[in-house]
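K.L.:
coords please:
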Amino acid sequence: MPAPDEPTAPPGTPARPVPLIRAENLTVGFGARTVVRGVSLTVRRGETLALVGESGSGKSVTARTLVGLTGPGARVRADRLEWQGEDIRTWGERRLRRIRGRGIGFVLQDALVSLDPLRPVGKEIEDALKLHGYGDRDARRARVREVMEQVAIPDPALRAAQYPHELSGGLRQRALIASALALDPPLLIADEPTTALDATVQAQILDLLAAARSRERGLLFITHDLAVVRRLADRVAVMRGGEIVEEGPVAHVLQDPQHAYTRHLLAADPALHPKGARLSAAPRPTLPAPEGERPSGVVLAAEGLHKTYRGRTAVADVSFALAAGRTLGIVGESGSGKSTTARIALGLTRPDSGTVTLHGEEWSAPAEKARRHRRHHIQLVHQDPLSAFDPRWTVRRTLADAVRLHRPGHPAPGPAEAADRARELAAQVGLPADTLDRHPLHLSGGQRQRAALARALAPRPSLLVLDEPVSALDVSVQAQVLDLLAELQDTLGLAYLFISHDLGVVQHVSDDVLVMQGGRIVEAGPATAVFAAPAHPHTRALLDAVRPLTPSGATR
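P.N.:
From the prediction side, this is the model:
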């Protein structure tokens with residue numbers, strides 16, 4: 001049975017080149033569970049196939065199976081599984097190892113984990129060359145410098161001697177790509193290589209991968225980001241539940257999707273929808289009426305904030321005001337100062353100069369003991385709630401503990417009242433009742449983020465500081481959390497300080513936006529105006545880096 005993109009050619013038609021990789025009716029299981037079902041795909045020289053799907057869809061298992069890295073205990077069946085026309089099902093591990101690196105390069109998502117922390121990055125690339133018999137020591141070192149320059153690593157001689165923890169996220173990812181490209185393999189498999197990167201670094205990485213394709217290399221790109229698919233891929237295969245539910249040219253699939261799941265993924269993309277538009281079809285939670293009066297006026301204001309660490313300016317002359325019921329988005333690359341600004345706003349870091357006021361009263365100057373009675377007004381939601389929860393506590397205990405935090409003018413609730421309030425909070429954020437007795441490790445990513453929101457809401461704050469709250473979530477779960485945040489804001493009148501590197505998310509949620517670079521605000525204003533007509537070159541560069549592009553490079 002031919003793969004979906006391999007129709008039978010009419011007689012006399014010249015034969016197409018043999019695909020680099022071909023799978024037909026691939027099925028993979030572990031124990032009694034089947035995780036990949038009947039998948040068929042091909043990748044040819046000079047083309048990019050994007051494999052799109054959410055966590056658990058089977059896309060990473062599919063990619064690893066193509067090169068014999070499925071893992072112990074796996075059940076693999078296929079009508080065809082070929083590398084350049086040869087049946088790799090008959091190959092032993094030794095022959096497969098020769099293909100990895102020389103024939104197929106792998107780029108994984110987390111370079112800090114994928115790179116050996118005990119070896120300089122240059123040595124790691126050199127060892128990969130040595131393993132495949134590439135030249136002598138001098139030739140290998142010259143190739144290391146060459147490939148590091150190829151992936152635009154500045155000062156490659158210096159960087160080659162550094163360890164992974166000494167490099168930024170973008171440089172680590174480039175080093176991983178350099179390792180994968182060192183032997184110039186005909187095929188590159190990249191598994192979510194840009195998910196956690198800033199917009200401009202992401203654009204640079206995508207350009208590097210596109211350059212490999214232009215040299216007649218094939219690319220299998222695994223992602224859940226449809227904007228990346230538009231920019232890089234020729235064809236796209238959409239996976240759900242271990243199956244490919246739709247496949248075809250990028251323009252056809254994304255402009256006229258035929259499958260309901262593909263339409264669902266597009267509908268959940270925040271960059272395609274204005275503020276206030278719902279992104280998910282999930283039922284709206286029934287939110288209780290707010291207790292007391294809704295917050296009003298300016299909730300948080302900063303004036304002339306400065307902060308320096310060991311001679312390095314982290315924040316310089318930052319000022320803003322945030323009113324009740326509104327969202328202020330802060331965007332910028334790593335090191336731009338947005339996280340330091342958030343810590344100052346939370347009262348976790350004291351500025352060298354400048355002031356922060358909360359509901360008109362000084363917040364940054366007093367000692368923590370003096371402002372503790374106002375701490376409930378401002379709460380934080382982390383990017384990674386798993387690391388913020390006590391793993392030994394159930395969700396019920398975590399929420400009840402947060403409810404019992406003392407609020408001036410309110411008696412401390414007893415155990416029964418705290419338990420009732422915990423159930424109310426869970427319902428408020430759409431957490432099923434059966435999750436209350438689970439531990440954090442036994443929750444999905446979306447459930448953990450909802451639990452984090454519930455805990456933040458427990459002391460009835462007027463302001464939430466949201467630090468990358470959806471960056472680790474799948475598209476549809478992200479859509480549900482963003483919808484929930486909008487509903488909570490409408491009902492409770494909350495103010496949000498929303499920090500993210502994802503410009504599509506910030507554009508969707510924000511009323512106003514600050515763009516930071518080098519610790520300074522380089523542009524500020526209503527989000528619609530800043531995104532529609534950016535005035536500062538840095539803002540324009542950030543937006544240019546994420547604008548959806550067709551594979552040919554023309555702007556849509």
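K.L.:
Next secondary structure after the helix or strand of the chain with the lowest mean pLDDT?
P.N.:
Between all helices and strands in the chain, the lowest mean by mean pLDDT, DSSP states H and E belongs to helix 111-114, at a mean of 68. With elements assigned by DSSP states H and E, the helix or strand that comes after helix 111-114 is helix 121-131.
K.L.:
which other residues reach that next one?
P.N.:
Here helix 121-131 makes contact (CB atoms under 8 Å, 6 or more residues apart in numbering) with 101, 115-116, 119, 135, 140-141, 143-144, 147-148, 156, 159-164, 167, 172, 175, 178-179, 182-183. Where C-beta positions appear, they are placed from N, C-alpha and C, glycine not excepted.
K.L.:
what's the answer for stretch 63-73, then?
P.N.:
Outside stretch 63-73, the residues touching it (CB under 8 Å, 6+ apart) are 21, 23, 26, 28, 30-31, 36, 51, 61, 74, 76, 81, 88, 91, 93, 96, 99-100, 104, 106, 189, 191, 220, 222.
K.L.:
Stretch 144-154 too?
P.N.:
The contact list for stretch 144-154 (CB under 8 Å, 6+ apart) reads 122, 125-126, 129, 156-157, 159-160, 171, 174-175, 177-178, 181-182, 204, 208.
K.L.:
hang on, the earlier thing: looking at the contacts of stretch 63-73, which are in strands?
P.N.:
Cross-referencing those against strands under DSSP state E gives 21, 23, 26, 28, 30, 36, 51, 74, 76, 81, 104, 106, 189, 191, 220, 222.
K.L.:
Out of the residues you listed, flag the one nearest to residue 383.
P.N.:
Distance to residue 383 across the ones in strands among the contacts of stretch 63-73 (CB to CB) is lowest for residue 191, with 20.6 Å.
K.L.:
Verify the contact between that closest one and residue 62 for me.
P.N.:
No. Counting by CB atoms under 8 Å, residue 191 sits too far from residue 62 to count as a contact (10.3 Å).
K.L.:
higher neighbour count, these two?
P.N.:
residue 62 (25 against 20; other CB atoms under 10 Å).
K.L.:
Now for that one: which residues touch it?
P.N.:
Counting by CB under 8 Å, 6+ apart, residue 62 touches 23, 26, 28, 36, 39, 41, 51, 239.
K.L.:
Output the below-cut-off pLDDT ranges for the protein.
P.N.:
Scanning the chain for pLDDT under 70 picks out 1-16, 109-112, 196, 285-293, 406-410, 547-556.
K.L.:
any idea how it splits into domains?
P.N.:
1-6+19-96+222-263, 298-392+461-546 (automatic domain parsing).
K.L.:
could I get those domains as JSON lines with distance to residue 417?
P.N.:
Listed next are those as JSON lines, based on distance: least, CB to CB, whole Å:
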{"stretch": "domain 1-6+19-96+222-263", "distance to residue 417": "37"}
{"stretch": "domain 298-392+461-546", "distance to residue 417": "16"}
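K.L.:
I'd like to know which of those is closest to residue 273.
P.N.:
domain 298-392+461-546 (6.1 Å).
K.L.:
roughly how far is the closest one from the heart of the chain?
P.N.:
Computed by CA atoms, centre = their mean, to the nearest Å, the chain-centroid distance of domain 298-392+461-546 equals 18 Å.
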